[in-house]
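# 3D model of this:
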Amino acid sequence: MIDDQTPESLGKIIISRTTWTPGELVLEPARGLGNFYRNLPQMVRKDWCEIRQGRDFFRYWKQVDTVLTNPPFRDRSGGDNLFIPFLEHSLEVATKRVMFLINHQCFNSCKPNRLHKYERHGWAMTKISIYSVRKWWGLYYLITFTKGGKRCVDWDENCYE
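As a prediction, this is how the structure comes out:
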């Protein structure tokens, strides 16, 4: 098993706590072993990407209702941070919501200027759920961005000395 995969038990909990619409098209852009993908309810339509299987998310332009993933935090070489590019591409292809399971370092990338930029494009962070993941040694955040939603966080765009 690949160690960076979402535990299947957590994937099932997240899916069970999410409201789904019959026929909703859900994209899992970093499918990995499929712990989100294969546990989605039968009432939804689903699609996936996985770079290791030749389906590059950054070449995916089909419109979907929801994006749900534990995004890669680094590129395959361990270099560049992929969280923000993954999030921003998700906001381009999704029409309803984007749900990401992320660590605290990625959460710290959700800076006020970025959140403000996303809001100007109609996207608000509407929910934050916190989970403990033993194998990853810490807290993880399921952040949800909703098109046209009311934000659940407030921020100050000033940077203080």
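# Partner strands of the helix or strand containing residue 46, with direction?
When secondary structure is defined by DSSP states H and E, residue 46 falls within strand 45-48. Each strand pairing with strand 45-48, determined using DSSP bridges, is listed with its direction: strand 25-28 (parallel).
# Show me what the partner strand is in contact with.
Applying C-beta atoms under 8 Å, 6 or more residues apart in numbering, the set of residues contacting strand 25-28 from outside is 20, 34, 36-37, 40, 44-49, 60, 62-69, 93-94. No exception for glycine: its C-beta is placed from N, CA and C like everyone else's.
# Pull out the buried positions in the strand holding residue 46.
Within strand 45-48, the residues that qualify as buried are 46, 48, counting by 16 or more other C-beta atoms under 10 Å.
# Over to stretch 20-34?
Judged by neighbour count using 16+ other C-beta under 10 Å, the buried positions of stretch 20-34 are 24-32, 34.
# and that stretch, average pLDDT?
Regarding stretch 20-34, the rounded mean pLDDT is 96.
# Quote the end-to-end distance of that stretch.
Start to finish, the residues bounding stretch 20-34 are 18 Å apart (C-alpha to C-alpha, to the nearest Å).
# Kindly report the same for stretch 123-143.
The first and last residues of stretch 123-143 sit 12 Å apart, counting by C-alpha to C-alpha.
# coming back round to it: just the mean pLDDT for the strand holding residue 46, thanks.
pLDDT averaged over strand 45-48 gives 98.
# Next secondary structure after that strand?
Next helix or strand after strand 45-48 toward the C-terminus (DSSP H and E): strand 64-69.
# Which strands and helices lie in contact with that next one?
Using 3 or more C-beta pairs under 8 Å, 6 or more residues apart in numbering; DSSP states H and E as the contact criterion, the elements in contact with strand 64-69 are strand 25-28, helix 83-93, strand 94-102.
# Deepest-packed of those, please.
Comparing the helices and strands packed on strand 64-69 by mean neighbour count (mean count of other C-beta atoms under 10 Å), strand 25-28 comes out on top with a mean of 23.
# Measure how far that strand is from the centre of its chain, please.
Chain-centre distance of strand 25-28: 11 Å, with C-alpha atoms, centre = their mean, to the nearest Å.
# CA atoms of that strand as CSV?
Included here for strand 25-28 are C-alpha records, laid out as CSV according to Å, rounded to 0.1, in the frame of the first residue of the first chain:
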residue,chain,number,x,y,z
LEU,A,25,-20.6,14.2,-11.6
VAL,A,26,-17.7,13.8,-9.1
LEU,A,27,-14.1,13.9,-10.1
GLU,A,28,-11.3,12.3,-8.0
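# Many thanks, have a good one.
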